[in-house]
Each structure stands twice: as C-alpha cells, then as structure tokens.
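In: A predicted structure for the sequence below; I have some questions about it.
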2 protein chains.
Amino acid sequence: MKNPTDIPDDSLAPRATRRSLPISLLRAREAMMSHFRPMLDKHGVNEQQWRVIRVLAESGKLDASEVAERTHILAPSLTRMIRAMTERGLISKDRDAGDGRRVMLEIAPAGMELLRRVSPDSARIYAELEQRFGKDRIEELINLLDALSQLKA
Amino acid sequence: MKNPTDIPDDSLAPRATRRSLPISLLRAREAMMSHFRPMLDKHGVNEQQWRVIRVLAESGKLDASEVAERTHILAPSLTRMIRAMTERGLISKDRDAGDGRRVMLEIAPAGMELLRRVSPDSARIYAELEQRFGKDRIEELINLLDALSQLKA
DNA sequence: TCATTTTCATTAACACGTTAATTATAAGAG
DNA sequence: CTCTTATAATTAACGTGTTAATGAAAATGA
C-alpha cells in the first residue's frame, strides 16, 4: 500500500496548466485562429479589422464605443485602427451631429468590397470546422462559453 | 403568414458576432481574466509572467522553447520577458552545456516567493469560479475546448 | 572534413492590449 | 447660468502578439 507521504506536497503548485480553464481558452482560441488567420492575411486584414468590418456590416452606423464593445477591442486600440482603416477607405468616420463627443463609424465602399471577398472564405472555413467538430458540439460549447462570460467581475 | 421575401438577404453577412465561436472564446477569456487580473496586478505580475512562473514551478528547469510552447507565449515575447524576469530575480537563465543554442530557464528565489504569495489567491479565485459555475460544467467545458484545440491547422 | 541545412534564440518592425492621463463635450446641481 | 461632474475619445507609455529576418550552434551529408 502506498504511503501517503509519497504524495508530493503540491500545496504551492497551482492547477496543472493542462487543466486550467484560462489556458484551455487561450489554446482553443489559438487553434481557431490558426484556421482563419492565413485566409484573412491573404485578404490583407487582420482579425481585429475583420471584426470591425463585420460589426459595421451587421448593424450599420455605430458610434465608436458601441463598436469597441461589440468587437471586444479597447478604445485606445480602436482609435488607432480607425485611423488606419479610414485611410484605406474601409470605413468612414464623422462626428455625431447631436453629441459632439461621439464618433460615428460606418462601413465604406472598400470595406463592402472586402466583405464581399472575405465572407465566402470565412463561411467556408467555419462550415468545415462545423462539419469536423459537429454543429451540436459547437452549439453546446458556445452555450457554455456564453454562460461563463456572464460571470465577469 | 410571413412572406419569404421579408427575410433580408444576408448572403454577405457573416455569422452574427454573438454566435461566433472565435468571439465567444475571446469574450469568455476576457471574463475569466477579469477575475484574475486585479489579483495578479496586486502582486506585481501580469498574466504571461504568471504562466511562466507556474510552468517552471511545475516542471523544473526547461529550455526556452519548451516554456514557450507550454505557456503559449511566442518566442520573441518570451525573449523580452526573460530579460525582465531575470532582472527581477524571478527566474534564472543559462546556456545549456550540451547544446549551445538552448537557453535553460529555472525558477529563482524571488519567483518561488512570488509563487508562495500568489498561489493561495489564485486557488481561491479558481475555487470560487468552480463553485459558481459548477465543477462538472467546467470539466465539460475544458473537455470541449481541448477537443477543439486538436483541430488546429 | 566541409558545405549545406536545420534548429534555437534573438532582433526588428509594427499592431494590438492595457492602464493612466488628457481633452472636449454633455449633463446635472445649485 | 455657471460650476461641477460625468462621459467619449484620444494620447501616452509600455508590454505582448505576430511575422520576417538575422545570428549562432548543431545536425546532416556528400
């Protein structure tokens, strides 16, 4: 019979990194993006810019705070991205008439064109992942993730 | 009865951002870290440094590539972190005797001390999350995430 | 052995993440 | 109507993420 003292004292050892939720989330996100990133790169956008394009395509004109919230991009990052994306003609920016603090963003012609080019590739990759992983398991996973997100501090 | 033409043409609209797996993963990770980040900040480390400390505490001396892989930190980031962390005495660095290319990393006294200080707080936060979300659901979630990670490109 | 290729780490360059400070405008209190 | 407070966006500063290029050492192979 095994002597209990043979068990190493791991009172100072944090949870094994292999079974840690934050790390599993990080790893899963990396794995997901490894599918999409090369395609986005081919089209000359990064992940964050693609999120901005999608949100504006989905909801029309929005103020910067709303875009930041929906894309999960922090305001300082978004400010930098707005500069780059307006210069490329992907989005347009103008101040809100009613509230001078607000910056309104809208998808611009080059952004629409990008959307048309990227969407089919994106949909194809997502569909393949759905097919390989199972649509039901993805649904289940998203449900768990969204429930977890409710627990934010 | 609803006319089918009332349904807007969304052939160009990517999956709603609310039901996109990459975004759900991002949001869930943000939510998780919102619990840990203030605590880590209080102890003067960031999330990435804490991962390095944990991996070295868990596995002893490792070469930089191994640490990069286990912490999911890219080599260039790790190089920068090694400089900062050795200066703070959190880790030690020396070249491998057998292979002159390899850099061996090991937890140092200040790193052990940090581990002792942070671990209880970390464990407490994790336990609270387990209690609120359910240990079984966390297990289920980690299983799904790890299965998803297998599908990397 | 020597040239080639491969591997590990670093550097470089640029973008985003993060927090704090700042500016400009709006909203609210008196 | 002013003073104060709150909000939106920007700027600043620094660290990490990411890719490409470079340097150094080891492995390969003619």
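Out: Nice, thanks for sending it over.

In: could you tell me which residues of chain A lie near DNA strand C?
Out: A:46, A:48-49, A:72-77, A:80-81, A:84, A:98-101 (C-beta under 7 Å from any atom of the strand). Using the backbone N, CA and C atoms, a C-beta is placed for each residue, glycine as well.

In: let's go with 10 Å and repeat that
Out: A:45-49, A:51-52, A:68, A:71-85, A:95-102 (C-beta under 10 Å from any atom of the strand).

In: residues contacting residue A:114?
Out: Residues in contact with residue A:114 (C-beta atoms under 8 Å, 6 or more residues apart in numbering or on different chains) are A:43-45, A:53, A:90.

In: let's see that with 7 Å instead.
Out: Taking C-beta atoms under 7 Å, 6 or more residues apart in numbering or on different chains, we find residue A:114 in contact with A:43, A:45, A:53, A:90.

In: cool, residue A:111 as well?
Out: Going by C-beta under 7 Å, 6+ apart, residue A:111 touches A:53, A:90-91.

In: and residue A:110, by the same measure?
Out: Residues near residue A:110 by C-beta under 7 Å, 6+ apart: A:88-90.

In: same list (the contacts of residue A:111) but as TSV, adding distance to chain B.
Out: TSV is the format used below for the contacts of residue A:111 (distance: C-beta to the nearest C-beta, whole Å):
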residue	distance to chain B
A:53	9
A:90	15
A:91	16
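
In: got CSV for those, with neighbour count, secondary structure and pLDDT too?
Out: Putting the contacts of residue A:111 into CSV (neighbours: other C-beta atoms under 10 Å in any protein chain shown; DSSP: H, G, I helix; E, B strand; the rest coil; pLDDT from 0 to 100) gives the following:
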residue, neighbour count, secondary structure, pLDDT
A:53, 25, helix, 98
A:90, 25, coil, 98
A:91, 21, strand, 98
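
In: so residue A:105, which of the three states?
Out: Secondary structure assignment for residue A:105 (DSSP: H, G, I helix; E, B strand; the rest coil): strand.

In: which pLDDT does the model give it?
Out: What the model reports for residue A:105 is a pLDDT of 98.

In: same deal with the one 3 residues further on?
Out: On pLDDT, residue A:108 comes in at 98.

In: swap in residue A:17?
Out: Per-residue confidence at residue A:17 stands at 67 (pLDDT).

In: helices of chain A, residue ranges please.
Out: Taking DSSP state H as the test, the helices found in chain A are A:21-42, A:47-59, A:64-71, A:75-87, A:109-133, A:135-149.

In: looking at these, which is buried most?
Out: Of the helices of chain A, the one with the most neighbours on average (mean count of other C-beta atoms under 10 Å in any protein chain shown) is helix A:47-59, at a mean of 21.

In: next, the angle from that helix to helix A:109-133.
Out: Interaxial angle of helix A:47-59 relative to helix A:109-133 (axes from the mean of the first three to the mean of the last three C-alpha atoms, to 10 degrees): 100 degrees.
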